[in-house]
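Trainee: Output the structure for:
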Amino acid sequence: MNQDYLDPINSLHVPELADTTFAMDLLLRAKEGVRNIAVALTESASPDVRTLLRNQLMQGIAMHQEITELMINKKWFHPYELSEQYKLDQLSANNTLMIGKMNLFPVETNRKGMFDRTPDDH
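Mentor: Numbers count the residues shown, from 1 in each chain. This next block holds a predicted model:
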């Protein structure tokens, strides 16, 4: 990756990186939701509220499992292969560092002629 964030070559694999990032964030949010509902369940006294929270807890656990399975199937998450997960974590950290080093506000932003065609006039 070069330092010019507007260079089209830098957009290679970005959709895949975004998908993995969004999936991991969703997985963490699902886990957080399960934890919060479990705490709320232990704090509630009303039988109706406890039933509602118990149902939501089961849905949250099922959603967490679905997200986990999706990520494992797409090889975005390796909970049973720590060396593979470590490689993914290192790649993510290196990409983050490279993006952090990019000059996101260059003085010259004219990229005329860098693309193989002109934008549509629609």
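Trainee: and the closest residue to Ile37 other than its chain neighbours, what helix or strand is that in?
Mentor: Leaving out its chain neighbours, the residue that sits closest to Ile37 by C-beta to C-beta, 6 or more residues apart in numbering is Leu57, at 4.6 Å. Backbone N, C-alpha and C define where each C-beta goes, glycine included. In this structure, Leu57 sits in helix 47-73 according to DSSP states H and E.
Trainee: Trp30 against His64, yeah?
Mentor: In this structure residue 30 is Ala, not Trp. Yes - the criterion here is C-beta atoms under 8 Å, and Ala30 meets it with His64 at 4.2 Å.
Trainee: follow-up on the earlier one: for the residue nearest to Ile37, give me its contacts.
Mentor: Residues near Leu57 by C-beta atoms under 8 Å, 6 or more residues apart in numbering: Val34, Ile37, Ala38, Leu41.
Trainee: out of those residues, which are buried?
Mentor: When the contacts of Leu57 are checked for burial by 16 or more other C-beta atoms under 10 Å, the buried set is Val34, Ile37, Leu41.
Trainee: Show me which of those residues is closest to Glu84.
Mentor: Nearest to Glu84 out of the buried ones among the contacts of Leu57 is Val34 (C-beta to C-beta; 25.2 Å).
Trainee: Give me the nearest residue to the closest one, chain neighbours excluded.
Mentor: Leaving aside its sequence neighbours, Val34 sits nearest to Gly60 (C-beta to C-beta, 6+ apart; 4.3 Å).
Trainee: what do you get for Leu70?
Mentor: Spatially, and ignoring its direct neighbours in sequence, Leu70 is nearest to Ala23 (6.8 Å; C-beta to C-beta, 6+ apart).
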